[in-house]
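*Asks:* sequence and predicted model, in that order:
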Amino acid sequence: MVPVSRVIIVCVAIMLAVVALAVPGCAAPLAPAPEPAASPSTIVLGPGLVVDRIAREVRVEAEVACDRGWLEQAACKAGTREHESLLAIAVTPSRIHAAILLLGIEPGQPGEWKPAADGSDAVVRVAPSGAPLALAVRTASGEVPLSSWITEPVKGRAFPAQPWVFAGSRLRSNTKSMGPGEHYVADRTGSIVGLVTFGDEVIAYDEVLSDKVDVDAPEWQANTAVMPAPGTRVQLVIRPRAAGASR
């Protein structure tokens, strides 16, 4: 049986695609790199969100949010965690989920961590699951892996090239103040591309890192030397990771 959550997201994707294709002149805002002409392979799901089924990529308009300091996310919804995220994105996270589904990519589950039940200092970690993804940032001067904007200056470790999986966030029942029904958690929290594990990421880092400094010390920082200034308009490009490609 197909999970209800996936049915809801697929229905949203189909409705958005039909509306976008039916409205004359519907197009994403100008991006830093020129968009190819519209074609039957290209679906515009609203401002700033394009699915290209031939190129096998989702293109999301974004803005550089933080170019220095410790990071907890690689990309967040605008108005949430810009102070600890490389990119801020105006597009609603559930729409990004829908766009990835239109490439035929299957979601899994976000990771989680919790204290051990025996009362010790140990931590139980459950890794996220989902199809492997490759993420890039496209600027006016070209395209680079999103991972190249992340560094570890203390120990000098390299950040993995493509450590991302399509976790798919979660659906939760609404609180009483929200009214009946369910909500897509990342739409409220803003977790689009994670580094630490909040447990609600659309796209997750494939290791589990706590957001509590007394559990895991901060690890990753913005790679200031190679990044454009905050406020620079860019595109986040999401693709399936090629079989055999390195993490």
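*Replies:* Sure, I can see it.

*Asks:* A136 versus P47, what's the distance?
*Replies:* 21 Å (C-beta to C-beta, to the nearest Å). Using the backbone N, CA and C atoms, a C-beta is placed for each residue, glycine as well.

*Asks:* Provide the backbone phi and psi angles at R241.
*Replies:* For R241, the backbone dihedrals are phi -70, psi 130 (criterion: degrees, to the nearest 10).

*Asks:* that one contacts P132, doesn't it?
*Replies:* Yes: using C-beta atoms under 8 Å, R241 is in contact with P132, at 3.8 Å.

*Asks:* give the residues shared as contacts by the two.
*Replies:* Q162, W164 (C-beta atoms under 8 Å, 6 or more residues apart in numbering).

*Asks:* between those two, who's got more neighbours?
*Replies:* R241 (20 against 17; other C-beta atoms under 10 Å).

*Asks:* residues touching that one, list them.
*Replies:* Applying C-beta under 8 Å, 6+ apart, the residues contacting R241 are A131, P132, L133, A134, Q162, W164.

*Asks:* by contact count, what packs against the strand or helix carrying V51?
*Replies:* Using DSSP states H and E, V51 falls within strand 49-52. Other helices and strands packing on strand 49-52, by 3 or more C-beta pairs under 8 Å, 6 or more residues apart in numbering; DSSP states H and E, are strand 42-44, strand 57-64, helix 93-101.

*Asks:* quick one: distance of the shortest one to the chain centre.
*Replies:* Pointing back at strand 42-44 there. The chain centroid and the centroid of strand 42-44 are separated by 19 Å under C-alpha atoms, centre = their mean, to the nearest Å.

*Asks:* that one pairs with which strands, and in what direction?
*Replies:* When pairing is defined by DSSP bridges, strand 42-44 lines up against strand 49-52 (antiparallel).

*Asks:* what's the strand it pairs with in contact with?
*Replies:* Contact with strand 49-52 is made by 17, 28, 35-36, 41-45, 57-61, 91, 95-96, 99, 102-103, as judged by C-beta under 8 Å, 6+ apart.

*Asks:* can we see that at 7 Å?
*Replies:* 28, 35, 41-45, 58-60, 91, 95-96, 99, 102-103 (C-beta atoms under 7 Å, 6 or more residues apart in numbering).

*Asks:* buried members of those residues into ChimeraX, please.
*Replies:* Here is the ChimeraX command that selects only those of those that count as buried (16 or more other C-beta atoms under 10 Å):
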select :28,35,42,43,44,45,58,59,60,91,95,96,99,102,103
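
*Asks:* for the contacts of strand 49-52, work out which two are farthest apart.
*Replies:* Comparing all pairs in these by C-beta to C-beta, the longest separation belongs to S41 and V91, at 20.0 Å.

*Asks:* mind checking pLDDT for G25?
*Replies:* Note for G25: predicted pLDDT of 31.

*Asks:* er, P40 actually
*Replies:* 68.

*Asks:* and P29, by the same measure?
*Replies:* As predicted, P29 sits at a pLDDT of 35.

*Asks:* contacts for the helix or strand that W113 is a member of, please.
*Replies:* Secondary structure from DSSP H and E places W113 in strand 112-115. Under the criterion C-beta under 7 Å, 6+ apart, residues V123, V124, R125, V126, T197, G199, V208, S210 lie in contact with strand 112-115.

*Asks:* just the buried ones among those, please.
*Replies:* Buried members of the contacts of strand 112-115, scored by 16+ other C-beta under 10 Å, are R125, T197, G199, V208, S210.

*Asks:* returning to that earlier point: neighbour count winner among P47 and A136?
*Replies:* Comparing P47 with A136 by other C-beta under 10 Å, the one with more neighbours is A136, at 20 against 13.
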